[in-house]
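1. just a sequence and a predicted model for now, questions to come.
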Amino acid sequence: MSLEQDVAAARSAVDALEQACGPLTRHFGDTVDARRLRVDVARLRDDLGLLCGAVRPRALGPTSPAVYWDDGLDDGLGAPSRTAP
């Protein structure tokens, strides 16, 4: 299977899980366990979106904005404005 097919299958499985858990959580009302189940299903959906919908991060290189704003000073105890307690 291609990546797109795998992502579609995973999203379909999360949809099916959500549909299966909906009636079940309604039987138990607003209990801690029912809320946790709803949150867990939502987290699956979010994690799948983060994993499959996000652009992979690049390694920091010379074109990184951090390079432009770095003053070259160590912010630890060795920095001029820092003193030991």
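-> Thanks, I have the structure now.

2. now do the helices in this structure.
-> 3-28, 32-53, 65-69 (DSSP state H).

3. including mean pLDDT and mean neighbour count, could those helices go into a markdown table?
-> C-beta coordinates here come from the backbone N, C-alpha and C atoms, glycine included. Shown next, in a markdown table, are the helices of the chain (pLDDT from 0 to 100; neighbours: other Cβ atoms under 10 Å):
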| stretch | mean pLDDT | mean neighbour count |
| --- | --- | --- |
| helix 3-28 | 92 | 12 |
| helix 32-53 | 91 | 13 |
| helix 65-69 | 51 | 8 |
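
4. so what's Cys52 up against?
-> 3, 7, 10 (Cβ atoms under 8 Å, 6 or more residues apart in numbering).

5. same question, Gln5
-> No contacts exist for Gln5 under Cβ under 8 Å, 6+ apart.

6. and it, how far from Ser12?
-> When distance is defined by Cβ to Cβ, to the nearest Å, Gln5 is 10 Å away from Ser12.

7. check contacts around Ala8.
-> Counting by Cβ under 8 Å, 6+ apart, Ala8 has no contacts.

8. tell me how far it lies from Val39.
-> In terms of Cβ to Cβ, Ala8 sits 24 Å off from Val39.
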